[in-house]
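# whatever this is, show me its structure:
(chains A and B)
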Number of protein chains: 2
Amino acid sequence: MSSTKTPDRTTPPYILVDPGSLPARIGTGYPAPYAEACANRIKRALGNAVGLKSFGVNLTELPPGTWSSQRHWHSRQDEFVYVLEGELVLVTDDGEFTLKRGMAAGFPAGKPNGHHLINRSPRPAVYLEIGDRPAGDQGFYSEADLAAHPNESKNTFTHRDGQPY
Amino acid sequence: MSSTKTPDRTTPPYILVDPGSLPARIGTGYPAPYAEACANRIKRALGNAVGLKSFGVNLTELPPGTWSSQRHWHSRQDEFVYVLEGELVLVTDDGEFTLKRGMAAGFPAGKPNGHHLINRSPRPAVYLEIGDRPAGDQGFYSEADLAAHPNESKNTFTHRDGQPY
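Have a look, this model is predicted:
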């Protein structure tokens, strides 16, 4: 066994020395007008980067004014968020709560209480979000006229009544 | 919808205002002599506290000198760790790597490369650990003479040859 070393170019692929340097996915696949509030959302897929399959772990940054998503809940997916930097307003049917660094929240599958996060602060906010990948999961939107249709690894969207955008 | 408020006693149960105040599980279920290195490990089950079922999210603290576990890998469970505070030495078949705050690592199911974390620093180290809960998962130990036998929500342990401790 080698002596202890700080990760360097020989670091094994299952170690993420600088998760913030992973490729960024910016914005969402929502149609207009729903994409705009989330257009500056930045996600980095940490779990995928290390070869995990059963759940995703994203490092997500919301610049000031940006939403995590349209408010929604999942039929089969459990979700969890942990705030790493900044402040986020969590909006649910129960109202609005400010989540600060070190706070967390979880959204069990099948509870029809839509949630999303909004950065109303003047500084970027960063959080970890974790979700599993159950077959047949569906997302339901609280306000947006959206229906999500899982299509391989991502969703396509129609109006709630199935009409295309 | 109420106006934005910082979480207080009326906070919904899916919000964790102070994850560090959740009940602590200290140490492991390992038999002697394997329990000792992990005796001061402190885990708090964040995911369980908010009702998640598909995966666990633990806030784990390792005081100086403490190990996360005996070095092991899982047949079916994906694992992920993200360092929140302090420094941890990750030990695998590839050697030793120091993980600092903001670094992460993942251990895909079925890769027979045992891992564990050791806090060799003079300060506490804190990390998030995430793992799913697949049926039939088995843990295999790299050095310890342990075989884990899943038994409802926790493991019982024998020698590798099945003899009881």
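# all contacts plus neighbour counts: C-alpha atoms, from now on.
Fine.
# tabulate the CA atom coordinates of the lowest-mean-pLDDT helix or strand in chain A in PDB.
The helix or strand of chain A with the poorest confidence is strand A:147-151; it has a mean of 81 (mean pLDDT, DSSP states H and E). The C-alpha trace of strand A:147-151 is given here as PDB (Å, rounded to 0.1, in the frame of the first residue of the first chain):
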ATOM      1  CA  ALA A 147     -46.900  16.500 -17.700                       C
ATOM      2  CA  ALA A 148     -43.600  14.700 -17.600                       C
ATOM      3  CA  HIS A 149     -43.100  11.600 -19.900                       C
ATOM      4  CA  PRO A 150     -40.000   9.600 -19.000                       C
ATOM      5  CA  ASN A 151     -38.000   8.900 -22.200                       C
END
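# same question for the helix or strand following it, mean pLDDT?
Per DSSP states H and E, the first helix or strand lying C-terminal to strand A:147-151 is strand A:154-158. Here strand A:154-158 scores 85 as its mean pLDDT.
# counting by contacts, list what strand A:154-158 packs against.
Judged by 3 or more CA pairs under 8 Å, 6 or more residues apart in numbering or on different chains; DSSP states H and E, strand A:154-158 is in contact with strand A:147-151.
# just to revisit the earlier point, got the angle for the least confident helix or strand of chain A vs strand A:154-158?
Strand A:147-151 and strand A:154-158 are oriented at 140 degrees to each other (axes from the mean of the first three to the mean of the last three CA atoms, to 10 degrees).
# quick one: buried residues of strand A:147-151?
Going by neighbour count (16 or more other CA atoms under 10 Å in any protein chain shown), the buried part of strand A:147-151 is A:147, A:148, A:149.
# wait, the first one sits on residue A:155?
No: at 9.3 Å, residue A:147 does not count as touching residue A:155 under the criterion of CA atoms under 8 Å.
# quickly list what's touching both of these two.
Counting by CA atoms under 8 Å, 6 or more residues apart in numbering or on different chains, residue A:147 and residue A:155 have no common neighbour.
# quick one: low-confidence parts of chain A?
Counting by pLDDT under 70, the ranges of chain A that qualify are A:1-9, A:152-153.
# can you pull out the strands in it?
For chain A, the strands defined by DSSP state E cover A:15-16, A:25-26, A:42-45, A:55-62, A:72-74, A:79-85, A:88-92, A:95-99, A:104-107, A:116-118, A:125-132, A:139-141, A:147-151, A:154-158.
# please compute how far the fifth one lies from its chain's middle.
To tie it back to what came earlier, the one meant is strand A:72-74. 12 Å (CA atoms, centre = their mean, to the nearest Å).
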